[in-house]
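Peer 1: Predicted model, plus sequence, below.
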Amino acid sequence: MAVANKDGSKKKVTATIKMSYLLYDIMNETFLRGRTLQNRENHKEIASMFASEDGENRDKILRSIKKAWGEVQSELADYLNENGSNTNNRLTESDATTDLVLNLEMPSNFNEAATMGLGQSVHDYIKNITIAEWYIVTNKGDADDYLGMAERSLGSIRVNSSKRARPQRPDD
């Protein structure tokens, strides 16, 4: 995350979501959850819960990440410093390696203390919604829990992007 404001103009905030960390968190979370549910009779069901970067698994995960990323951009559209008007639904090889970057122009009174919370909330939202969509297919019993966590993360994105700093009295 980077914040800059030299002259009272809008503050530039850059949030970079490292794709490698995001994919690791998704795979690790599904591994840990599966491990807690494993018993002597459910090995096959548990194995299907583990998200991985294998073929069709990878495509499903990347599709969910791309969808969640679009939802984050929509939520933060008032602050986005982008002028793209084109999109497509194609998955490419670079989708798994290209970091997700938000270039935001926040109001001059944006409270910079919320910057880290904003970035973490974006990461958590994408992770949780991706796991929820994965579990809708592989583990319906836990899908709603992750949808709930994603909703809380989306709420945190709203709160953190709305944080404002208190005005300071002039020195003269």
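Peer 2: Nice, I can see it. Residues are numbered from 1 along each chain as shown.
Peer 1: In the protein, where is pLDDT below threshold?
Peer 2: Low-confidence segments of the chain, defined by pLDDT under 70: 1-8, 82-94.
Peer 1: all helices of it, in order?
Peer 2: 19-37, 43-49, 55-75, 115-138, 140-161 (DSSP state H).
Peer 1: Compare those and give me the one nearest residue 103.
Peer 2: Smallest distance to residue 103 across the helices of the chain (C-beta to C-beta): 10.6 Å, for helix 55-75. All C-beta spots, glycine's among them, are computed from the backbone N, C-alpha and C.
Peer 1: follow-up on the earlier one: comparing the helices of the chain, which comes out most buried?
Peer 2: Of all these, helix 115-138 has the most neighbours on average by mean count of other C-beta atoms under 10 Å, namely a mean of 22.
Peer 1: Packing partners of that helix?
Peer 2: strand 11-17, helix 19-37, helix 43-49, helix 55-75, helix 140-161 (3 or more C-beta pairs under 8 Å, 6 or more residues apart in numbering; DSSP states H and E).
Peer 1: if I pick residue 33, what's in contact with it?
Peer 2: Counting by C-beta atoms under 8 Å, 6 or more residues apart in numbering, residue 33 touches 49, 139, 142.
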